[in-house]
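Participant: Turn this into a model:
(one chain, ligands or ions: 1)
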Amino acid sequence: MINISPHTNVCNLLTFDTEEWFHANYDRVNLAECRGKGSNFRQQMDGLLQLCSDTGCKATFFVLGCIGEDYPDVVRSIVRSGHEVASHGYSHQLAYTQTREVFRADVKKSVSILENLTGMKVQGYRAPSWSIVEKNLHYLETLEELGISYDASIFPVKTFLYGIPDAPTTIHHPRVNGRELNLFEVPMSVTRLFGKNIGYSGGFYFRFFPHFFIKQCIQRANRRGENAIVYLHPREIDAEERRLSLSWKEAFIHFHNIRGTKDKLERIMKEFTFISIAEHLRRMQQDQRS
Ligand SMILES: [Zn+2]
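Facilitator: Prediction:
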């Protein structure tokens, strides 16, 4: 009943970018000013962990370093519940606006905070707002230097904020400066629509598309032997959370259909099997060895 894919051995990957309501990369949003002003973050995280427990799903939580400082107990409870804690950077700055040195310091600080809290090695990284793009692809070398095993920051689409439209769409070792890196790239899931790649299983796309469409796309990926990745933010399951003041277009992208998202997520989590990215890579490498 749980797994509707004919390929029952294909698991899907569940990820949450673990941050507060104001962590967004719009010009007028002052992140430092919003910090510490209160939010429903704890209740949202309780809700997500409960959902995982009720459906038997495991997830990767990409946690900001500043969240580790402000909510250490929440980060520990993620690990206690058997999920993976990975890094979302320290302060939610767009990676392509940071120099390589600043990027390095930001990731390193977050990893150190999270490892001290959990006592476990941070294996993965996801940049805020998918901000590893063509022009800063070489930042992946920095992640490799920091001992990160996988990056999950590349979205093979083109939008005004992010994306590498012709990036590989399956897990691979990326090439930078003519060298294959010793880390995995885990690109965000896309489907082909009108000749273009488009997201379907996370954030705005997950909120925008109806349940049957998302379900079909995941089934299609699974039939090809590929796993689909779902990503959401804690604020996206909470219609009562306070809201940023945004332009009409930004507000549509940021808040569209939040009211229906938790139920949709619950249906998808009941219909498919989800595991963390680290667990998937572990199984993948084990399969390759045997
Ligand atoms: Zn984020």
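Participant: OK, contacts around the residue of the chain found nearest the ion?
Facilitator: Per Cβ to the ion, residue 17 is where the chain lies closest to the ion, at 4.0 Å. Where C-beta positions appear, they are placed from N, C-alpha and C, glycine not excepted. By Cβ atoms under 8 Å, 6 or more residues apart in numbering, the contact set of residue 17 is 62, 88, 126, 128, 231, 232, 233.
Participant: Would you reformat those residues as TSV and include secondary structure and neighbour count?
Facilitator: What follows is these, written out as TSV (DSSP: H, G, I helix; E, B strand; the rest coil; neighbours: other Cβ atoms under 10 Å):
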residue	secondary structure	neighbour count
62	strand	28
88	coil	29
126	coil	26
128	helix	23
231	strand	25
232	strand	22
233	coil	23
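Participant: could you pick out which of those are near the ion?
Facilitator: Within the set of the contacts of residue 17, contact with the ion (Cβ under 5 Å from the ion) is found for residue 128.
Participant: Need the max-distance pair from the contacts of residue 17.
Facilitator: Maximum pairwise distance in the contacts of residue 17, criterion Cβ to Cβ, is 14.9 Å, between 128 and 232.
Participant: May I have the phi/psi pair for the residue of the chain closest to the ion?
Facilitator: Per-residue torsions, residue 17: phi -80, psi 110 (degrees, to the nearest 10).
Participant: same check, this time on residue 197
Facilitator: Residue 197 adopts backbone torsions of phi -70, psi 140, taken as degrees, to the nearest 10.
Participant: Give me the nearest residue to it, chain neighbours excluded.
Facilitator: Spatial nearest neighbour of residue 197, excluding adjacent residues (Cβ to Cβ, 6 or more residues apart in numbering): residue 190 at 4.0 Å.
Participant: these two touch, right, the one you found and residue 159?
Facilitator: No - counting by Cβ atoms under 8 Å, residue 190 does not reach residue 159; the two are 11.7 Å apart.
Participant: Please identify which of these two sits among more neighbours.
Facilitator: In terms of neighbours (other Cβ atoms under 10 Å), residue 190 is the more surrounded of residue 190 and residue 159; the figures are 24 against 14.
Participant: Just after the top helix by length along the chain, pick out the following helix or strand.
Facilitator: Counting by DSSP state H, the longest helix found in the chain is helix 100-118. Per DSSP states H and E, the first helix or strand lying C-terminal to helix 100-118 is strand 124-125.
Participant: how far is that next one from where the chain is centred?
Facilitator: Centroid displacement of strand 124-125 relative to its chain, using Cα atoms, centre = their mean, to the nearest Å, is 9 Å.
Participant: From the structure, what's the count of residues near residue 289?
Facilitator: As a burial measure, residue 289 scores 6 neighbours (other Cβ under 10 Å).
Participant: now do residue 97
Facilitator: Counted with other Cβ under 10 Å, residues neighbouring residue 97 total 11.
Participant: what ranges do the strands span in the stretch 151-290 of the chain?
Facilitator: All strands of the stretch 151-290 of the chain, identified by DSSP state E, counting those that start in this stretch, fall at 175-176, 179-180, 184-185, 191-193, 196-198, 229-232, 274-275.
Participant: Who are the packing partners of the longest one?
Facilitator: Contacts of strand 229-232 with other secondary structure elements, assessed using 3 or more Cβ pairs under 8 Å, 6 or more residues apart in numbering; DSSP states H and E, are made with strand 12-18, helix 203-208, helix 261-271.
Participant: Which strands or helices does the longest one pack on?
Facilitator: To tie it back to what came earlier, the one meant is helix 261-271. helix 41-55, helix 203-208, helix 211-223, strand 229-232.
Participant: mean confidence score for the shortest one?
Facilitator: What strand 229-232 shows for mean pLDDT is 98.
Participant: From the rest of the structure, what touches that strand?
Facilitator: Strand 229-232 has contacts (Cβ under 8 Å, 6+ apart) with 12-17, 152, 186, 188-189, 201-203, 206, 261, 265, 268, 274, 277.
Participant: got a pLDDT number for the spatially closest residue to residue 135 that is not a sequence neighbour?
Facilitator: Closest residue in space to residue 135, ignoring its immediate chain neighbours: residue 96 at 6.1 Å, by Cβ to Cβ, 6+ apart. The per-residue pLDDT reported for residue 96 equals 97.
Participant: Residue 96 touches residue 133, doesn't it?
Facilitator: Yes - taking Cβ under 8 Å as the definition, residue 96 is a contact partner of residue 133 at 5.6 Å.
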